[in-house]
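1. model this:
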Amino acid sequence: MTQAINIENPFKNPKPFDIGRIFETPDLQNISYTAFDFYSIKARTIEYVKKYFPDDYNDFVESDLGIMLIELWAYMADLISFKLDLYANEVYIDTVSQRKNIHRIAKLVGYPVRPPRAASARISGTLTDPYAFDVTIEKGYLISVPSRDGNALTFELYSADEEWSPVFDEDIIIPAGATTNLSIVALQGTSSNTTSTSDGTKYQTVLTSENSILEGSIKVTVNNQIWSQVDFFNENDNGSYYRVEYNENYQALIIFADDVKGRIPPQGSNINISYRYGGGSRGNIPAGFINQIINVTSDDVPGPVPVVVTNYTAGEGGESAESIDEIKSKIPLWMKAQNRAVTGEDYSFLSESYSTLYHGRIGKAKAVLRNSGCSGNIIDIYVLQLDSEDSLKTANSTLKKELGSFMLGKKMLTDFICIKDASQVFQDMNINVEIDRFYLEFKKDIYDRVIDKINDFFSLEKWAIGDSMRKYDLVQYLNSIKNISSVNVELVYNSQNLVQGADAVVVDFWKIIRPGTLNISINTIN
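-> The predicted structure is shown next:
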């Protein structure tokens with residue numbers, strides 16, 4: 001019969017044959033694998049030292065050198081634990097927090113992250129007197145105006161076609177005898193270019209020198225020959241193609257092929273990449289924000305010709321690149337849809353994700369299958385255009401037309417699509433908030449927090465077309481505000497609602513509820 005060893009400290013001077021039986025010792029200290037913060041690691045380390053090294057170290061005063069070493073170990077272990085958790089979080093869609101890493105996940109599944117978009121506005125160019133010759137404004141004429149954030153806001157002027165898209169290769173003309181040209185479009189942003197020399201290798205890349213490259217603005221030439229952008233290279237077509245990928249700062253990486261799936265730029269050839277950068281909602285200026293005189297030159301007169309340029313429509317369509325939360329919410333739906341529309345969820349997601357370069361983007365969409373006799377394969381897609389970050393408007397005809405063309409390439413062969421206008425129901429509410437009189441001096445701060453909570457409750461990402469509204473959901477949301485004793489919400493009657501009761505609002509399936517007039521009162525209680 002084997003005799004059990006009984007050593008007070010199994011790790012101190014063990015015999016060779018005792019090593020394999022150390023863990024059979026009944027009083028061995030258990031290790032907690034969940035205590036990964038600084039104070040837990042420090043406490044567990046001190047316990048360990050007390051148990052197994054009682055004779056070697058027993059001075060646990062905070063100022064002792066040994067405690068300092070234990071704390072240094074706890075600090076390093078805590079830091080390593082934090083890093084391990086951070087790295088683990090960054091590989092999952094639900095927990096990723098860094099823009100660089102969400103871009104990598106999007107690239108892994110093939111989701112195309114949307115870069116920034118430039119705002120556009122319609123411009124009038126006006127002369128004080130008509131001239132006997134055409135007055136020409138050079139395409140891309142750059143104007144700068146002060147912005148609300150204190151930084152300069154730049155716009156470039158281009159001639160507009162019949163659908164108000166910019167014509168990049170034509171100058172702006174005010175005809176002889178005329179004083180005004182109203183067919184001018186101003187695009188927020190600045191033009192630039194990056195040049196490189198080909199080294200003749202496969203899959204060579206060129207990175208733009210600017211950040212925030214605007215979608216659809218990249219043009220690549222090799223020895224002055226225009227090359228075409230593609231989403232992916234095709235082994236059956238060895239043409240003059242390139243791909244574009246964006247990093248987390250929205251610098252554009254131009255990727256060339258391998259002479260099998262696409263041509264390699266010849267060694268020593270000149271590569272020129274022209275593009276525009278800028279974008280964001282700061283370009284969504286009000287009408288009349290641009291109002292200045294520009295001087296253009298002409299060979300027909302000795303001096304400059306003054307032209308007054310004014311935006312007679314508001315700037316719209318400018319938006320920042322997709323946020324981390326947007327990308328996280330869209331990737332699962334993108335993977336479900338697989339870039340084709342089969343289910344109603346696919347139709348709704350692809351439609352709601354659609355945007356154009358110069359005619360706005362879809363803010364909300366809902367696909368509904370007609371259910372009447374031979375109409376079983378007709379799908380009505382109800383849409384609203386995004387007006388600003390949290391507001392909607394009726395979609396313009398060009399946006400709906402381009403959405404229809406886009407969905408033709410995604411739908412099932414036997415489906416027929418109709419793009420229709422959804423509508424908004426603006427729900428008025430009376431909100432009574434009660435607070436303790438002790439907080440009366442903070443009344444203004446509480447009012448602001450109530451407004452912020454209501455805006456968050458009605459944020460577009462939380463609402464879909466056809467959703468109903470329960471009063472108690474809003475009450476519960478507002479009750480989470482500190483220093484509030486009670487909240488009462490009264491829903492004001494609205495003739496557009498299908499059901500209007502004391503507790504809920506129900507609307508038609510093609511309507512979406514938005515906040516209307518809010519009457520907020522804050523009263524004190526004893």
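
2. Select the helix or strand of the protein having the lowest average pLDDT value.
-> Counting by mean pLDDT, DSSP states H and E, the chain has its least confident helix or strand at strand 499-500, which shows a mean of 60.

3. mind listing what the closest residue to Y203 other than its chain neighbours touches?
-> Distances taken as Cβ to Cβ, 6 or more residues apart in numbering place D258 nearest to Y203, at 5.9 Å, with adjacent residues excluded. Bear in mind the C-beta positions are built from the backbone N, C-alpha and C, glycine included. Contacts of D258 were listed using Cβ atoms under 8 Å, 6 or more residues apart in numbering, and they are 202-203, 233, 264.

4. Same check on M429?
-> Applying Cβ under 8 Å, 6+ apart, we find M429 in contact with 474, 489-492, 515-519.

5. so it bridges to which residues?
-> Beta-bridge partners for M429, by DSSP bridges, are L491, L518.

6. and the protein, what are its domains?
-> What automatic domain parsing lists as the domains of the chain is 1-27, 31-89, 120-189+281-311, 191-277, 340-421, 424-525.

7. what about the most centrally placed residue in the chain, which helix or strand?
-> Computing the C-alpha centroid of the chain and ranking residues by Cα atoms, centre = their mean puts E322 first, at 1.6 Å. Assessed by DSSP states H and E, E322 sits outside every helix and strand.

8. how close does it get to E248?
-> 11 Å (Cβ to Cβ, to the nearest Å).

9. again, but for S397
-> The spacing between S397 and E248, counted by Cβ to Cβ, is 36 Å.

10. Which stretch among the domains of the chain approaches R104 most closely?
-> Proximity to R104 (Cβ to Cβ) singles out domain 191-277 among the domains of the chain, at 9.0 Å.

11. three-state assignment of L86?
-> For L86, the assignment made with DSSP: H, G, I helix; E, B strand; the rest coil gives helix.

12. more neighbours, S397 and E248?
-> The neighbour count for S397 versus E248, taken as other Cβ atoms under 10 Å, is higher for E248 (16 against 11).

13. My impression was that the more buried one belongs to a helix - is that right?
-> No - under the criterion used here (three-state DSSP), E248 is coil, not part of a helix.

14. Excluding chain neighbours, what is closest to V301?
-> Nearest residue to V301 in three dimensions, chain neighbours excluded: Y131, at 7.6 Å (Cβ to Cβ, 6+ apart).

15. Contacts only, for that neighbour.
-> The contact partners of Y131, by Cβ under 8 Å, 6+ apart, come to 174, 176-177, 298, 300-301, 305.

16. now D129
-> T179.

17. Then V342?
-> Shown in contact with V342 (Cβ under 8 Å, 6+ apart): M412.

18. Look up phi and psi at it.
-> When quoted as degrees, to the nearest 10, the phi and psi of V342 stand at phi -120, psi -60.

19. pLDDT score for it?
-> On pLDDT, V342 comes in at 92.

20. All the strands of the stretch 51-200 of the chain, in order from the start?
-> Assigned strands in the stretch 51-200 of the chain, in chain order: 120-126, 135-137, 141-146, 152-160, 166-167, 172-174, 180-188, 190-197 (criterion: DSSP state E, counting those that start in this stretch).

21. I'd like these as TSV, with mean neighbour count appended.
-> Shown next, in TSV, are these (neighbours: other Cβ atoms under 10 Å):
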stretch	mean neighbour count
strand 120-126	22
strand 135-137	20
strand 141-146	14
strand 152-160	21
strand 166-167	18
strand 172-174	21
strand 180-188	22
strand 190-197	15
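
22. Which one of those strands lies nearest to Y439?
-> With Cβ to Cβ, the closest approach to Y439 among those belongs to strand 141-146: 40.6 Å.

23. Partner strands of the closest one, with direction?
-> According to DSSP bridges, strand 141-146 forms sheet pairs with strand 152-160 (antiparallel).

24. Give me the residues contacting the partner strand.
-> Residues from elsewhere that reach strand 152-160, judged by Cβ under 8 Å, 6+ apart: 121-123, 125, 137, 139-147, 166-168, 170-173, 183-191, 276, 278, 282-283, 285, 290, 309.

25. quick check: angle from it to strand 180-188?
-> 130 degrees (axes from the mean of the first three to the mean of the last three Cα atoms, to 10 degrees).

26. quick check: mean pLDDT across strand 152-160?
-> Averaged across strand 152-160, pLDDT comes to 93.

27. Same check on stretch 101-119?
-> If you average the pLDDT over stretch 101-119, you get 91.

28. buried stuff in that stretch?
-> Applying a neighbour-count criterion of 16 or more other Cβ atoms under 10 Å, the buried positions in stretch 101-119 are 101-103, 105-106, 111-119.

29. what about it, distance to the chain center?
-> Distance of stretch 101-119 from the chain centroid (Cα atoms, centre = their mean, to the nearest Å) equals 9 Å.

30. ok, the residue nearest to R243 when sequence neighbours are not counted - contacts?
-> Nearest residue to R243 in three dimensions, chain neighbours excluded: I255, at 4.4 Å (Cβ to Cβ, 6+ apart). Neighbouring residues of I255 by Cβ under 8 Å, 6+ apart: 203-205, 242-245.

31. Looking at those residues, which one is closest to Q385?
-> V244 (26.5 Å).

32. didn't the closest one look like it was pressed against L253?
-> Yes - between V244 and L253 there is a contact under Cβ atoms under 8 Å: 7.0 Å.

33. Give me the more crowded residue out of the two.
-> More neighbours surround V244 than the other of V244 and L253, with 20 against 14 (other Cβ under 10 Å).

34. In three-state terms, how would that one be classified?
-> Taking three-state DSSP, the label given to V244 is strand.

35. Do you know the pLDDT at it?
-> Reported pLDDT for V244: 94.

36. for V433, phi and psi?
-> For V433, the backbone dihedrals (degrees, to the nearest 10) come out as phi -110, psi 130.

37. and it, how many neighbours?
-> For V433, the neighbour count with other Cβ under 10 Å is 23.

38. What of F416?
-> F416: 12 surrounding residues under other Cβ under 10 Å.

39. what's near enough to touch it?
-> Taking Cβ under 8 Å, 6+ apart as the contact definition, F416 lies against 377-379.

40. If you rank these by neighbours, which is first?
-> Counting neighbours by other Cβ under 10 Å, I379 leads the contacts of F416 with 22 neighbours.

41. What helix or strand is that residue located in?
-> Using DSSP H and E, I379 sits within strand 378-388.

42. That strand: partners in the sheet, and parallel or antiparallel?
-> Strand 378-388 is paired, per DSSP bridges, with strand 362-369 (antiparallel), strand 391-393 (antiparallel), strand 416-421 (parallel).

43. Would you mind giving those as a markdown table with distance to K42 and mean pLDDT added?
-> Shown next, in a markdown table, are these (distance: least, Cβ to Cβ, whole Å; pLDDT from 0 to 100):
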| stretch | distance to K42 | mean pLDDT |
| --- | --- | --- |
| strand 362-369 | 52 | 93 |
| strand 391-393 | 53 | 92 |
| strand 416-421 | 64 | 94 |
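
44. so of those, which one's packed in deepest?
-> Of the strands paired with strand 378-388, the one with the most neighbours on average (mean count of other Cβ atoms under 10 Å) is strand 362-369, at a mean of 21.

45. Could you say which one of the strands of the stretch 51-200 of the chain comes nearest to Y75?
-> strand 190-197 (44.9 Å).

46. what comes up buried for the helix or strand just after that closest one?
-> Sequence order places strand 205-207 as the next helix or strand after strand 190-197, per DSSP H and E. Buried residues in strand 205-207, defined by neighbour count with 16+ other Cβ under 10 Å: V206.

47. Strand 205-207 pairs with which strands, and in what direction?
-> Strand partners for strand 205-207, identified by DSSP bridges, are recorded as strand 252-255 (antiparallel).

48. How far away from the center of its chain is the strand it pairs with?
-> Taking Cα atoms, centre = their mean, the mean C-alpha location of strand 252-255 is offset from the chain mean by 21 Å.
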